[in-house]
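>>> Sequence below, structure please.
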Amino acid sequence: MSEKLLEQILHEIKFLHSDNTSIRSEIKSLKNDVKSLMDANTRIESEIHDIHQEQKSTSERITGMDERLTSTDERITGMDERIISTGERITSMDERLTSMDKKVDVIKQQTVQNAESLSDTKSLVQKMMEDNLSIQEVIGEHEIAIRTLRRKPV
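The predicted model follows:
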């Protein structure tokens, strides 16, 4: 009778060990997912930095245009065509800035989503760690019960 009970307990311990291995595997997978999210976040930050550099460059170019427009007052003759050309370039830059603003908004949204996913993942990992601790505590209690049964004469 007691040997059968021991076999059942051993079977339960093996089952819990199998579950523990599965949980560890899932935690490892989650860690990889978190690393992947962090890498994606780093790439997004790099893209935002590049966009800021482009905006700075565009701002400097617009400042240069203002200086050129000031000098056009001295050379009014023949400047109408150049002014029209400058206006077209400004329009093109405005369109590019609008496009960049949209990209920045998309990147911000993705960053928020990544942050939310990271938070969810952290919560899940914490819960899994707590569950794992509980499983380890349960396995420990079974080990004590098995040893106690072995010491008693049959």
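>>> Pick out the residue nearest the middle of the chain.
With distances taken as C-alpha atoms, centre = their mean, the chain has residue 37 as the residue nearest its mean C-alpha position (3.0 Å).
>>> Quick check: it touching residue 118?
Yes - between residue 37 and residue 118 there is a contact under C-beta atoms under 8 Å: 5.6 Å. Using the backbone N, CA and C atoms, a C-beta is placed for each residue, glycine as well.
>>> So, low pLDDT: which residues of the chain?
Filtered on pLDDT under 70, the chain yields the residue ranges 1, 69, 72-80, 136, 144, 154.
>>> let's see it at 80
1, 16, 19, 66, 68-83, 132-133, 135-148, 153-154 (pLDDT under 80).
>>> elements contacting the helix or strand harbouring residue 108?
Using DSSP states H and E, residue 108 sits within helix 80-151. With contacts defined as 3 or more C-beta pairs under 8 Å, 6 or more residues apart in numbering; DSSP states H and E, helix 80-151 has these neighbours: helix 2-72.
>>> can you give me the angle the helix it packs on makes with helix 80-151?
Interaxial angle of helix 2-72 relative to helix 80-151 (axes from the mean of the first three to the mean of the last three C-alpha atoms, to 10 degrees): 170 degrees.
>>> How far does helix 2-72 sit from its chain's centre?
3 Å (C-alpha atoms, centre = their mean, to the nearest Å).
>>> gap between the residue nearest to the centre of the chain and residue 43?
Applying C-beta to C-beta, to the nearest Å, the value for residue 37 to residue 43 is 11 Å.
>>> And for residue 96?
Relative to residue 43, and taking C-beta to C-beta, residue 96 is found at 21 Å.
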